[in-house]
Structures are given as structure tokens and as C-alpha cells.
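[1] coordinates for the following, if possible.
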Amino acid sequence: QSCPPTRPDLLNVHLVPHTHDDVGWLKTVEQYFYGVRNEVQHAGVQYILDSVVAQLVANPSRRFVYAEVAFLARWWRQQDEATRRTVRQLVEQGGGRGGDGTHVSPRRGWLLLGGTWGVSLEEDVVMGAHKGGTGVSLRVMGCTLGRGGGGWKCPWGHMAGGIGVSLGAQGVMGGDWGAERYRTNHIIMTMGSDFQYENANLWFKNMDKLIAHVNARQANGSRVHVLYSTPSCYLWELHRANLSWSLKTDDFFPYADGPHQFWTGYFTSRPAFKRYERLSNNFLQICSQLEALAGPASREGPYGLGDSSVLREAVAVAQHHDAVSGTEKQHVADDYARQLAAGWESCQLLVANALASLGGNKENFIFCNALNVSVCPLTEAAGRFTVILYNPLGRPVSWPIRLPVNGGSYAVTDPQGQPVPSEVSPGQPPHPELLFQASAPPLGFSTFTVSRLSHGDPPVSPHRTTVSPQPREIHNEHVRVLFDPVTGHLKEIQNLDKSISLPVFQSFYWYNASAGNDESAQASGAYIFRPNSSEPIPVSGSKRVSTYLVKNALVQEVHQNFSSWCSQVVRLHAGQPYVELEWTVGPIPVADGWGKEIISRFETTLQTDARFYTDSNGRQILERRRDYRPTWNLSQTEPVAGNYYPVNSRIFIKDKKFQLTVLTDRSQGGSSIFDGSLELMVHRRLLYDDNRGVGEPLLELGADKQGLVVRGRHLVLLDTVESAADRHRLLAQELFMAPYAVLAPGGGPSYRRGQPSLRQFSGLRRELPPNVHLLTLTPWEAGTLLLRLEHQFERGESANGSQPVTIDLLNLFSAFAITSLREMSLGADLPLDAVSRLVWTPATGPSQPRPVPKLDPSRVMLQPMEIRTFLATVQYKEPGA
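    Alright, predicted model coming up:
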């Protein structure tokens with residue numbers, strides 16, 4: 001136990017010193033770390049860490065909480081061994097359950113509990129108002145300990161436990177946050193804020209005085225005891241109180257700091273960067289898997305030194321709450337993209353090395369990074385090239401390949417040399433696109449050869465692509481989609497496997513962004529979504545949506561044009577049981593002086609009773625109810641923005657029989673504003689700052705300075721309620737961990753080391769069950785791999801998928817043998833059998849902790865939604881063995 005002693009007979013005030021160091025916001029990560037451009041914001045993180053370490057060394061009773069590991073890692077790399085030894089000692093002094101000396105928490109968020117800033121109160125004890133807004137004042141008055149375990153009661157209702165702290169401009173806990181009473185005689189006071197503690201001596205010297213003076217009053221009958229503490233120590237004291245606690249099963253969305261100030265705009269802000277972050281994580285998992293499968297040969301190979309850590313760190317930084325959220329300044333967003341690009345470049349070297357090692361041949365691998373805009377110089381020019389498709393999922397996939405080409409007809413062969421049906425489609429300007437369906441084994445790759453046919457060669461496929469106006473429908477063996485011949489809109493979806501149909505109208509609209517009005521000056525901005533009307537305006541106006549049909553043996557597409565800046569392709573690939581909507585939006589016009597927030601809206605006849613459903617971080621599904629909060633009575637003041645929720649991977653509506661699910665390719669804001677409807681905000685361009693600190697409007701000019709053009713996909717599933725999860729769970733993972741195509745000129749060599757080269761490879765001996773997802777496979781320390789398995793179904797949502805499942809890990813992988821296995825905590829920082837968790841008593845009755853079972857690597861069981869983490873010691877097999 002490293003927690004300081006408390007007084008059971010007194011009111012214990014836990015002071016938790018901390019700083020909040022944004023990993024980019026108004027300045028870039030590097031600018032914040034080194035303390036440059038202080039005219040934008042005074043902040044130098046390296047000096048904060050220097051100063052805090054010195055002050056912790058000076059007084060062992062002091063504590064400090066730090067969360068931003070991106071900065072800590074930069075600082076650590078610059079320290080000499082003596083400083084590193086000092087920091088290790090500080091951390092070790094904080095060891096033991098319930099307490100930390102220096103508490104570094106990489107998976108924690110913002111620990112500041114402050115609400116309204118700069119609240120001043122009359123003081124019993126004042127420790128000076130110092131330059132920089134770090135004067136500390138504390139007031140304790142009229143608090144009494146209730147009888148019968150009633151907790152501490154105080155005479156005012158809005159200050160947490162009756163303790164008010166003012167730090168000048170940097171308030172800690174004031175205004176409307178907190179509670180009228182605490183359940184125990186322990187109160188937590190977070191001491192710090194953005195980029196504080198650059199002068200840690202000022203902070204700690206004043207807190208030392210505060211603690212000494214307040215505690216000295218105990219001799220005169222004061223019942224207040226102040227101490228340095230950490231969140232862990234505070235939590236430990238709550239646990240020791242042996243009380244029962246209420247359970248919270250919902251989340252905190254949507255958040256608002258005023259009646260017209262809903263923070264629901266950032267769910268969509270900077271949609272291109274949100275997609276880049278999602279793609280980058282996808283490629284990071286592929287990079288990490290191939291590094292694990294190929295071993296050291298991936299890091300030092302024929303293409304140079306490969307390093308996955310560059311992308312891993314860039315993806316981690318991109319998930320900062322002012323990065324992927326889109327609430328940073330434009331130059332900072334550009335810097336996040338720069339970091340991701342550098343990570344991709346480093347991982348592409350590693351991927352090339354790994355593919356050469358696993359396949360046994362050295363190709364001139366080409367990575368076409370602009371396929372989203374149909375650009376790839378190799379495929380546009382080459383008469384013959386190779387496509388290597390890597391699949392990061394634990395089950396086989398069939399994936400549509402679309403490549404820009406210049407020829408009229410091509411021959412495609414699979415890894416066994418057999419012909420693969422292909423078509424050339426008009427595609428996206430300026431080039432036609434070659435289409436074929438490629439299959440790849442689990443955790444492995446397949447190699448396809450593509451050859452352009454000359455004019456004299458007979459076409460491989462007798463079917464040709466046709467283009468026709470005013471389509472009525474498209475269909476494949478699973479789905480039929482009907483269109484209104486008069487308006488051009490989608491009007492009905494049919495699931496042919498289940499013989500069910502649903503009227504579905506889909507179109508694009510824009511909300512007129514508020515610039516402030518008499519009711520409130522609040523404008524829509526990077527954080528805040530505030531439309532000036534609850535009724536959105538159709539992008540197409542009153543005009544018919546112009547359409548044409550593209551059809552061949554592999555795909556049927558209806559191309560819709562809603563305006564000069566908004567279009568969509570409604571697509572059905574052969575064999576796919578869902579409808580793909582590929583939308584292109586931008587540049588959003590703002591010359592009329594109106595900011596615009598663009599939505600894709602679906603309207604159906606489903607009786608939804610004000611309910612809709614969104615995912616929580618791609619896993620748990622949460623029920624949402626319009627104009628309702630599960631744990632308190634809501635008075636709705638923003639009927640649209642106040643009903644928006646984050647959609648990370650899917651949103652759906654359902655009645656007793658049918659469910660309509662829409663999957664997203666990035667995080668977006670979504671809602672159901674009226675029964676039977678659902679909508680997703682895909683893009684926004686705004687002319688005013690929303691006064692939340694970023695200090696610039698969300699304009700996003702794009703490369704040509706005309707406004708950003710964004711392209712994305714929505715996948716639409718119609719199914720019965722009982723079967724819906726079986727489809728959307730697997731499809732969501734396929735979208736999140738999509739296969740990746742690497743290209744090479746020529747047809748590829750056919751021999752390696754005297755043997756035929758590997759044109760197909762799987763890292764698994766057998767595919768994983770459909771309800772199991774390989775969440776992590778990445779190198780750890782020398783000779784070990786980090787492995788996580790996830791059960792991707794919730795309890796009760798699928799008759800088969802929601803059942804427990806058992807995996808044999810010892811005989812799962814083909815590239816290496818697991819010689820030993822140890823189960824770890826989720827963060828992999830502790831062996832699971834060394835984790836000692838506090839057991840809490842919920843108000844619903846006592847619960848027993850699940851015992852840690854003895855690990856049998858040949859029988860690893862997963863319960864619904866469970867993630868299990870392992871460190872595996874491995875021995876690699878010889879290539880080709």
C-alpha cells in the first residue's frame with residue numbers, strides 16, 4: 001500500500017495533482033512538446049515533465065497523475081540514465097494495490113472534473129493568487145456527517161461535497177458539476193488543467209501549505225483532513241466503505257454544456273481524416289500480422305528496414321480526443337495526416353519484406369494509395385501485373401477488386417492458374433475500371449495475374465458492360481433494389497433469401513448551420529451541431545435525381561446525381577447480401593453565406609416507437625430513444641442535435657419483424673429524427689467558430705482550395721430481427737479489417753529455391769469460427785507475440801453466434817509453433833493471475849468475481865463479448881516447411 005493514511009473520523013479531501021496535455025489541438029504535437037509558438041498557446045510539455053519529476057523527488061508524500069504517454073515517450077527518449085532511474089524509482093514507490101506514486105495511465109482519458117471555470121468562493125483558507133492563475137483557495141463550511149451511513153451533507157447543492165476550489169482562470173471543480181453529498185467521508189479534488197505544472201514548484205509549494213494549514217486546524221476541532229492522493233487511492237477508500245453502488249448501463253451521450261450547445265457536431269467533423277484514421281488502423285493490423293507471421297525477416301529484408309512502430313504511434317496519436325474528433329486547427333489536422341503517411345511508408349517496407357519472405361520471391365511491390373480516387377499508375381499503364389490480396393480476418397473472404405485501367409479487356413488468373421471472371425466498367429472518371437472477385441484465405445494472401453488482351457484476342461467473358469438511362473431496379477441472387485422511375489430515388493429493398501421487402505426512400509439533405517440567434521448566440525462549429533431549423537433541405541431541391549444504370553455479370557450499379565456537388569452509386573456485386581451506397585459529397589458550396597451539414601436519410605414504414613440503435617466503439621449495441629435519457633428526466637431544447645449519437649460502425653432501426661441496418665466506414669453522427677427513419681451526417685462545412693477554444697471555423701478547403709470532397713460507403717442490410725446480428729456482426733468486421741491489395745509489375749516468378757513460389761498462403765491451419773475475431777497479432781518482446789481473441793457477439797442476439805466458443809491455440813497457426821502461453825490483462829501489462837481487482841457490491845445484489853481458470857492452450861473458451869489476451873512464446877518454421 002502506497003496510499004497515504006486517511007482519517008476515518010474526518011472528512012478526507014483527496015488532492016489529485018494532474019495536468020492535461022493535449023496531444024495536438026491549437027498547436028502540433030511537436031510544438032506543444034518543445035514549447036514553441038507560445039503566441040498561440042503557452043505550453044511546453046517537456047518543461048512540465050522536467051519540473052514535476054524534480055518536485056516529486058523533493059517530497060516523497062507528493063503525488064502526480066499523468067496520462068499522455070505520447071509526450072512521456074518523447075520525453076523519456078531524451079533523458080539520461082540517471083533521470084530514467086529516478087523515474088523508475090518514483091513509479092516503484094507507488095506500487096501496490098490501490099495506490100500510485102507517479103501514476104502513468106496510457107488508457108485513461110481526461111481526469112479533470114471541472115465544469116464551469118474560474119468560480120470564486122469566500123475562503124476560510126487562502127494561499128495567495130499567483131500569476132498564471134494558480135492561486136488556490138479552499139472552503140469547507142457547514143458539512144455534517146449524517147447518521148446511519150447517510151454520508152456527508154452540505155448546505156449547498158451544486159458544489160461537490162461542499163468543497164470549492166478556485167484557480168483563477170483555471171478552475172478545478174465548480175459551477176454545476178458535483179453532487180449535493182458524497183456517500184462516504186472522502187472527496188476527490190482534481191488539482192490541475194490544460195498544460196499546468198510547467199512551474200510545478202508553484203503548484204506543490206502552495207498545496208503543501210494548504211495541506212499543512214488545513215490539517216493544523218484539527219487541533220482546534222476542525223473535521224477536515226487534506227492529503228495528496230490519486231484516483232486509485234480515492235477508489236480504494238470508497239471500496240473500503242463496503243457500500244452497495246448503483247449500476248450504470250448507458251453512456252453519457254449526447255453531451256451538452258447548455259440548452260443549445262450539444263457537442264454532437266464532432267461526431268462527423270473532418271470526415272476525410274476520420275476515414276484516414278480508420279484505414280490507418282486497418283493497415284496497422286495488417287502490418288503487425290505480417291510482422292508476426294514472417295518474423296525477423298519482415299524487419300530486415302530486401303526492401304530495407306521495416307518498422308511498424310512509426311504507424312502504431314501515429315495511429316495512437318490520431319485517436320487523441322482533438323484529433324480524430326476533428327476539433328483541432330487545420331494545420332494540426334494536416335500534421336496528424338503527415339504522421340500517418342510516414343507510418344504507412346515505414347509499414348509498407350515491412351509488408352513488402354514479409355510478402356517476399358512468405359512467398360519466397362522478390363517482387364517490385366507497388367502500393368497504390370490513391371485507389372479511392374481511381375488512380376494507380378501501374379495498372380493504368382502495364383499490360384501485365386500481379387495483384388496480391390492479403391486478408392487480415394480469421395476466415396476466408398471474397399473481395400471485389402476495382403483497378404483503374406486503360407485497356408478494353410483483360411484476363412485474370414487465380415493462384416492455381418485458373419481463369420477468374422472479370423469485367424471492364426466505366427468506373428470513376430477519368431479511367432475505366434477492371435473488376436474481378438478475389439478470394440483470400442484466413443490470415444493470408446492470394447496472388448492473381450492480370451493480362452491485358454490485344455484487339456485480336458477473344459474476350460475472356462462473353463458478357464459486356466451496358467449503360468442505360470432511367471433504371472427501375474438492380475438485383476443479384478440475394479437482394480433486389482427498386483427505384484422510383486419519376487424521381488430517380490431508391491424506393492424499396494428486397495431480401496430475396498428471406499422473401500421480405502421494405503419500402504426504403506433514401507436521399508441527401510442539408511441542415512442550415514446556425515450562426516446564432518436571439519435565443520442563443522451559439523453557432524454550429526467543429527464541436528457543436530446546431531441547425532437553425534429542424535427541417536433539412538433536399539440537396540437536389542425539387543428536381544428529379546438524374547440516374548443511369550451500369551450493368552455486367554459482376555456488378556449492377558445505379559449512378560445518382562443529386563447536385564453538382566453530391567452524387568451516389570447504389571451498387572450490388574454478384575453474391576453480396578447487402579446494398580452498397582458509395583457517396584461523394586463536396587465541395588460543399590458556402591458562397592451563399594450558409595454553413596451546411598449534409599446527411600444521408602433513410603425513410604421506411606417500420607414502426608420504431610422512437611427507438612433506434614447505435615454501437616459503442618464497434619462492440620456493444622445501445623438502445624437510443626428520441627427525446628429521452630435513461631437515468632434522468634430530459635427537457636429537450638434541440639430536437640435534432642439533442643438526438644444525435646456517435647455511430648462508429650453501425651446504426652439500425654427495427655420493428656417486431658424486420659431490421660434495417662446501415663454500416664459506416666468511419667465514425668459519423670447519426671439519429672432517428674422521426675419514426676421509421678434513420679440518418680447519418682456525412683460531411684459539414686461551417687463559416688463560424690463555435691467558441692470552444694479551437695478559434696477557427698470548420699472550412700476544410702482541400703487541395704484545390706475549393707472545399708474538401710469526401711467519398712465513403714454505407715452498407716445496407718435488410719433482414720429479420722432474429723437473423724440480423726449474424727449478418728451485421730461479420731460484415732462490420734470485414735469493413736473494419738478489410739483485405740488489402742499489393743501490386744507488382746509482370747506475372748510474378750514461378751519458382752523459389754528450386755520450388756514453385758507460394759502464390760497462396762494462410763497463417764492459420766484452420767479458419768476461426770464466425771463468432772471469433774482475431775483482434776491482435778503483433779510482435780512483443782524477443783521471441784514472443786501478443787495475441788488477442790474476441791467473441792464478437794453479444795449475449796442473446798444470435799441463436800448460434802451468441803454461444804460460448806472454444807479455440808485450440810496450440811494448433812491454430814501455421815507460420816510458427818507456440819511453445820508456451822501466458823494469459824495477460826487486457827492491456828498486456830500484467831499476467832492475469834497477478835491482477836487483483838476490487839470486488840464491488842452493486843445495488844442489485846452481491847456479485848462474485850469470475851475466477852481465473854487454469855489455462856489450457858488447447859481449449860481456450862470465449863464467452864459473448866469477451867476479449868482474452870495472451871503472450872505467446874513462439875518458434876518459427878522454415879519458409880516452405
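
[2] from Leu15, how far out is Gln863?
    The gap separating Gln863 from Leu15 is 40 Å, by C-beta to C-beta, to the nearest Å. All C-beta atoms are positioned from the backbone trio N, CA, C, and that covers glycine.

[3] kindly apply the preceding question to Pro404 instead.
    61 Å.

[4] pLDDT below threshold where in this protein?
    1, 94-180, 427-430, 455-463, 748-757, 879-881 (pLDDT under 70).

[5] specify the beta-bridge partners of the closest residue to Ile366 other than its chain neighbours.
    Spatial nearest neighbour of Ile366, chain neighbours left out: Leu743 (4.3 Å); criterion: C-beta to C-beta, 6 or more residues apart in numbering. Beta-bridge partners of Leu743, counted by DSSP bridges, are Ile366, Val387.

[6] how many residues are close by Leu743?
    Counted with other C-beta atoms under 10 Å, the neighbours of Leu743 add up to 21.

[7] any idea how far Glu582 is from it?
    Taking C-beta to C-beta, one finds Leu743 at 22 Å from Glu582.

[8] and Ala799, by the same measure?
    Ala799 is 33 Å from Glu582, by C-beta to C-beta.

[9] these two: which has the busier surroundings?
    Glu582 (18 against 11).

[10] Three-state assignment for the more buried one, please.
    Look at Glu582: counting by DSSP: H, G, I helix; E, B strand; the rest coil, its state is strand.

[11] ok, it - contacts?
    Counting by C-beta atoms under 8 Å, 6 or more residues apart in numbering, Glu582 touches Gln568, Val569, Arg571, Arg711, Gly712, Arg713.

[12] go through these and name the one nearest Leu730.
    Arg713 (16.5 Å; C-beta to C-beta).

[13] which of the contacts of Glu582 sits closest to Leu663?
    Nearest to Leu663 among these, with distances taken as C-beta to C-beta, is Arg713, at 8.4 Å.

[14] any idea which element that closest one lies in?
    Using DSSP states H and E, Arg713 maps to strand 710-720.

[15] could you say what helices and strands that strand packs with?
    Contact here means 3 or more C-beta pairs under 8 Å, 6 or more residues apart in numbering; DSSP states H and E; on that basis strand 710-720 packs against helix 271-294, strand 490-495, strand 500-512, strand 579-585, strand 658-664, strand 677-685, helix 724-736.

[16] that one pairs with which strands?
    strand 579-585 (antiparallel), strand 658-664 (antiparallel).

[17] point out the most buried one among those.
    Among these, strand 658-664 has the highest mean neighbour count (mean count of other C-beta atoms under 10 Å), at a mean of 23.

[18] quick one: contacts of it?
    Counting by C-beta under 8 Å, 6+ apart, 493, 500, 502, 504, 602, 604, 606, 647-654, 670, 678, 680, 712, 714-721, 724, 727-728, 731-732, 735 sit against strand 658-664.

[19] could the helices and strands packed on strand 710-720 go into a markdown table alongside distance to Leu49?
    Output for these, formatted as a markdown table (distance: least, C-beta to C-beta, whole Å):
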| stretch | distance to Leu49 |
| --- | --- |
| helix 271-294 | 27 |
| strand 490-495 | 55 |
| strand 500-512 | 44 |
| strand 579-585 | 43 |
| strand 658-664 | 38 |
| strand 677-685 | 37 |
| helix 724-736 | 35 |
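
[20] just the ones you listed: most buried one?
    When the helices and strands packed on strand 710-720 are scored by mean count of other C-beta under 10 Å, the highest mean neighbour count falls to strand 677-685 (a mean of 25).

[21] how far away from the center of its chain is that one?
    Averaging C-alpha positions (C-alpha atoms, centre = their mean, to the nearest Å) puts strand 677-685 18 Å from its chain's average.

[22] may I have that strand as CSV, with CA atoms only?
    Output of strand 677-685 as CSV, limited to C-alpha atoms (Å, rounded to 0.1, in the frame of the first residue of the first chain):
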residue,chain,number,x,y,z
SER,A,677,-36.2,6.9,-40.3
LEU,A,678,-32.5,6.9,-39.7
GLU,A,679,-29.9,9.4,-40.9
LEU,A,680,-26.1,9.8,-40.9
MET,A,681,-24.2,13.1,-41.2
VAL,A,682,-21.5,12.5,-43.9
HIS,A,683,-19.9,16.0,-44.3
ARG,A,684,-20.1,19.5,-42.8
ARG,A,685,-18.7,22.9,-43.8
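
[23] can you tell me which helices and strands it packs against?
    Here strand 677-685 touches helix 271-294, strand 579-585, strand 596-604, strand 650-654, strand 658-664, strand 668-671, strand 710-720, going by 3+ C-beta pairs under 8 Å, 6+ apart.

[24] put together a markdown table for these, with distance to Val424 on each row.
    Output for the helices and strands packed on strand 677-685, formatted as a markdown table (distance: least, C-beta to C-beta, whole Å):
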| stretch | distance to Val424 |
| --- | --- |
| helix 271-294 | 26 |
| strand 579-585 | 18 |
| strand 596-604 | 29 |
| strand 650-654 | 33 |
| strand 658-664 | 28 |
| strand 668-671 | 33 |
| strand 710-720 | 21 |
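
[25] of all these, which one is nearest Arg384?
    Comparing the helices and strands packed on strand 677-685 by C-beta to C-beta, helix 271-294 comes nearest, at 25.3 Å.

[26] export that closest one as PDB, just CAs?
    Provided in PDB are the C-alpha atoms of helix 271-294 (Å, rounded to 0.1, in the frame of the first residue of the first chain):
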ATOM      1  CA  PRO A 271     -14.800  13.100 -42.300                       C
ATOM      2  CA  ALA A 272     -11.800  12.600 -44.600                       C
ATOM      3  CA  PHE A 273      -9.400  12.400 -41.600                       C
ATOM      4  CA  LYS A 274     -11.900  10.100 -39.800                       C
ATOM      5  CA  ARG A 275     -11.600   7.800 -42.700                       C
ATOM      6  CA  TYR A 276      -7.800   8.100 -42.900                       C
ATOM      7  CA  GLU A 277      -7.600   7.100 -39.200                       C
ATOM      8  CA  ARG A 278      -9.900   4.100 -39.800                       C
ATOM      9  CA  LEU A 279      -7.900   3.000 -42.800                       C
ATOM     10  CA  SER A 280      -4.600   3.500 -41.000                       C
ATOM     11  CA  ASN A 281      -5.700   1.200 -38.200                       C
ATOM     12  CA  ASN A 282      -6.700  -1.400 -40.800                       C
ATOM     13  CA  PHE A 283      -3.300  -1.200 -42.400                       C
ATOM     14  CA  LEU A 284      -1.500  -1.200 -39.000                       C
ATOM     15  CA  GLN A 285      -3.200  -4.500 -38.100                       C
ATOM     16  CA  ILE A 286      -2.100  -6.000 -41.500                       C
ATOM     17  CA  CYS A 287       1.400  -4.700 -40.900                       C
ATOM     18  CA  SER A 288       1.500  -6.200 -37.400                       C
ATOM     19  CA  GLN A 289       0.100  -9.500 -38.500                       C
ATOM     20  CA  LEU A 290       2.600  -9.900 -41.300                       C
ATOM     21  CA  GLU A 291       5.400  -8.900 -39.000                       C
ATOM     22  CA  ALA A 292       4.300 -11.600 -36.600                       C
ATOM     23  CA  LEU A 293       3.900 -14.200 -39.400                       C
ATOM     24  CA  ALA A 294       7.200 -13.600 -41.100                       C
END
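
[27] many thanks, I have nothing further to ask.
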